[in-house]
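Novice: Quick one, structure for this:
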Amino acid sequence: MVQDGKPKTELQMAREQKRIEKEKEKAAKQAKAAVAKGMKRENWMDYMQVLIDSKIAEDKGGTEMLTTLELEGMKCDVISQPLPNTISFIRFELSADDGIVSKTKIFEDTVLLVEQAETVAAHVQSDNLVTHVRQCISILSEHVTCTVTLLVLGFDKLMKSKRKGTINRLDWEQGVVALQMELNVSTYIIKDTAQLVDNVRMYCKALGERPHKLKHHKDLFIGTSKTPLFVDREGGGYLQVFIAQLQDIRSVNEAVATAVAQQYPSPVILSNYIDSTDKDTVINTLAGIPVRRGVGTLANVRRVGPEAAKRIVLFYSSSDPLQEIV
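Specialist: Numbering: from 1, shown residues only. Just a heads-up that it's a prediction; the model follows:
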C-alpha cells in the first residue's frame with residue numbers, strides 16, 4: 001500500500017487494520033445499543049403504527065380519533081384496507097448487523113372491525129351475523145391470518161330508539177354470543193369517540209408489549225429455557241416431570257421437590273403412602289426429609305418443613321377440583 005507517495009510499512013498496515021477493526025467494533029456496539037434503546041418496552045409507541053381504513057377516517061368520529069391518537073404521539077396512517085371499516089397494526093422490529101441498524105415491518109395478527117349498531121342489528125335480525133363476519137374474516141385471510149374483534153358504535157342510541165322493528169336486547173345478546181362461540185370473535189360496545197380511542201390505544205400498547213412479555217414469561221413454563229419436559233416410551237424423563245409438578249406447589253422449590261422425589265419417586269407412590277397412612281404421620285415424615293443445598297464449604301442441610309409438607313399432602317389427597325392450596 002502507498003501513503004503520500006511512500007509505501008506503508010508492515011507496522012503501519014497492522015495499525016491501520018487494528019484501527020478499522022476498532023471502528024467496526026464501535027459501530028457494532030452503537031448499533032446494538034440503538035436497537036436495545038429503540039425496542040424498550042416503555043417505548044412501544046415508537047415502533048408501533050396504526051393503520052386506519054379511509055372509510056373510518058372520513059367519518060366525524062374517525063377524524064376525531066385520528067387527531068387524538070396523533071396528538072398523543074402515536075403513528076397513524078389512513079389507507080384503503082382490504083376490508084373496509086377496519087383498523088390494523090404494524091410493529092417495526094429493529095435489528096443490528098455489521099454495525100448497521102435495519103428495520104423490519106411486521107403486520108400484527110389483530111384486526112378491529114368497526115361497525116354501526118344499526119348494521120350489526122340488521123344482521124342479527126336476519127340471522128346472518130355469523131355469516132357476515134365469516135365473510136369478513138375470509139376477505140382478510142387472503143392477506144393475513146388474524147384475529148378479529150368487533151367494535152360496535154351507537155348501541156345505546158339504538159336501544160333508546162322507539163322506531164318499529166328495533167332489535168331487543170335478548171336477540172342482540174344471542175347474536176353476539178353465537179359470534180363468540182362459532183368464530184371466537186369478541187364484541188365490544190363503544191359509547192363514544194373517547195372510548196374508541198381508548199380501545200385502539202389499548203390494543204396497540206398490548207401488541208407493542210407482547211414480545212417483551214413473551215420473552216419475560218417464557219421461563220415460567222415447565223422446562224424453563226431448556227427443552228420442554230416429556231416422558232418417552234421407555235419412561236425416561238418421568239422423574240423430571242414429577243419434580244416439576246411438585247414445584248407447582250407454593251414454597252416448594254427445586255431442592256425441596258428433588259428431596260421429596262428421592263424418597264417417593266413417583267406421584268403414585270407418594271399418593272399411595274398418603275392414602276394409607278395417618279395424615280399427621282405423613283406430614284411429619286415429609287417435613288423431616290433433609291434438603292441439601294450448595295456444595296463444598298457452602299453446603300448446608302435443612303428440612304422440607306411442616307408448611308410445605310401440608311401443601312404437598314393436600315395437593316395429592318384432595319378430591320375437590322376447586323380446593324385452594326394456600
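Novice: average pLDDT across stretch 125-145?
Specialist: Averaging pLDDT along stretch 125-145 gives 91.
Novice: List the buried residues of that stretch.
Specialist: Neighbour counts over stretch 125-145 (16 or more other C-beta atoms under 10 Å) mark 125, 129-130, 132-133, 136-137, 140 as buried. C-beta: built from backbone N, CA, C; applies to glycine.
Novice: In helices, which of these fall?
Specialist: Among those, DSSP state H puts 125, 129-130, 132-133, 136-137, 140 in helices.
Novice: quick one: the helix or strand encompassing residue 172 to helix 129-141, angle?
Specialist: Using DSSP states H and E, residue 172 sits within helix 169-183. Interaxial angle of helix 169-183 relative to helix 129-141 (axes from the mean of the first three to the mean of the last three C-alpha atoms, to 10 degrees): 40 degrees.
Novice: what about the strands in the stretch 151-300 of the chain?
Specialist: Using DSSP state E, counting those that start in this stretch, the strands assigned to the stretch 151-300 of the chain run over residues 186-190, 290-293, 300-303.
Novice: right, so those strands: which one is the most enclosed?
Specialist: Here the criterion is mean neighbour count by mean count of other C-beta atoms under 10 Å, and of those the winner is strand 186-190, at a mean of 17.
Novice: Not counting it itself, show me its contacts.
Specialist: 114, 149-153, 155-156, 176, 179-180, 196, 199 (C-beta atoms under 8 Å, 6 or more residues apart in numbering).
Novice: quick one, what contacts the nearest residue to residue 275 once chain neighbours are set aside?
Specialist: Leaving aside its chain neighbours, residue 275 sits nearest to residue 317 (6.8 Å; criterion: C-beta to C-beta, 6 or more residues apart in numbering). Going by C-beta under 8 Å, 6+ apart, residue 317 touches 271, 274-275, 279.
Novice: now do residue 76
Specialist: By C-beta under 8 Å, 6+ apart, the contact set of residue 76 is 49-52, 66, 69-70.
Novice: Relative to residue 98, which of those residues is nearest.
Specialist: Among the contacts of residue 76, residue 49 lies closest to residue 98 (C-beta to C-beta), at 26.7 Å.
Novice: so the closest one sits in a strand?
Specialist: Yes: assigned with DSSP: H, G, I helix; E, B strand; the rest coil, residue 49 falls within a strand.
Novice: Tell me how the protein divides into domains.
Specialist: Residue ranges for each domain of the chain read 2-37, 41-218, 238-317, as given by automatic domain parsing.
Novice: mean confidence score for the shortest one?
Specialist: Just to be clear, that refers to domain 2-37. Per-region confidence: domain 2-37 scores 73 on mean pLDDT.
Novice: in the longest strand anywhere in the chain, what's buried?
Specialist: The residue-count maximum for a strand in the chain (DSSP state E) belongs to strand 86-97. If you call a residue buried by 16+ other C-beta under 10 Å, then strand 86-97 has these buried ones: 86-92, 94, 96.
Novice: now do stretch 157-170
Specialist: Within stretch 157-170, the residues scored as buried using 16+ other C-beta under 10 Å are 158, 167.
Novice: still on that earlier bit, out of the contacts of strand 186-190, list just those in helices.
Specialist: If you go by DSSP H, the contacts of strand 186-190 have 155-156, 176, 179-180, 196, 199 in helices.
Novice: Now which of those residues would you call buried?
Specialist: Buried members of the ones in helices among the contacts of strand 186-190, counted by 16+ other C-beta under 10 Å: 155, 176, 179, 196, 199.
Novice: mind checking how far the fourth one is from residue 19?
Specialist: This points to residue 196. From residue 196 over to residue 19 the distance is 57 Å, taken as C-beta to C-beta, to the nearest Å.
Novice: one step back: in ChimeraX, how would I select just the buried ones from the contacts of residue 317?
Specialist: In ChimeraX, this line selects whichever of those come out buried by 16+ other C-beta under 10 Å:
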select :274
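Novice: So what's the gap between stretch 314-326 and the chain middle?
Specialist: Distance of stretch 314-326 from the chain centroid (C-alpha atoms, centre = their mean, to the nearest Å) equals 29 Å.
Novice: Only the buried residues of that stretch, if you could.
Specialist: Along stretch 314-326, these residues count as buried under the neighbour rule (16+ other C-beta under 10 Å): 314-316.
Novice: could I get those residues as TSV with secondary structure?
Specialist: Formatted as TSV, these follow (three-state DSSP):
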residue	secondary structure
314	helix
315	helix
316	helix
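Novice: Just give me the closest of those to residue 108.
Specialist: Distances from residue 108 to the buried residues of stretch 314-326, taken by C-beta to C-beta, are shortest for residue 315, at 39.6 Å.
Novice: can you give me how far stretch 115-129 is from the chain middle?
Specialist: That offset, for stretch 115-129, works out to 32 Å (C-alpha atoms, centre = their mean).
Novice: Can I get it as PDB, trimmed to CA atoms?
Specialist: Extracted C-alpha coordinates of stretch 115-129, given in PDB (Å, rounded to 0.1, in the frame of the first residue of the first chain):
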ATOM      1  CA  GLU A 115     -69.400  -1.100  12.600                       C
ATOM      2  CA  GLN A 116     -72.500   0.900  13.400                       C
ATOM      3  CA  ALA A 117     -75.000  -0.800  15.800                       C
ATOM      4  CA  GLU A 118     -77.800  -0.500  13.200                       C
ATOM      5  CA  THR A 119     -75.800  -2.500  10.700                       C
ATOM      6  CA  VAL A 120     -75.000  -5.200  13.300                       C
ATOM      7  CA  ALA A 121     -78.600  -5.300  14.400                       C
ATOM      8  CA  ALA A 122     -79.800  -5.800  10.900                       C
ATOM      9  CA  HIS A 123     -77.600  -8.800  10.500                       C
ATOM     10  CA  VAL A 124     -78.800 -10.200  13.900                       C
ATOM     11  CA  GLN A 125     -82.400  -9.800  12.900                       C
ATOM     12  CA  SER A 126     -81.700 -11.500   9.600                       C
ATOM     13  CA  ASP A 127     -79.900 -14.300  11.500                       C
ATOM     14  CA  ASN A 128     -76.800 -13.900   9.400                       C
ATOM     15  CA  LEU A 129     -74.400 -12.000  11.700                       C
END
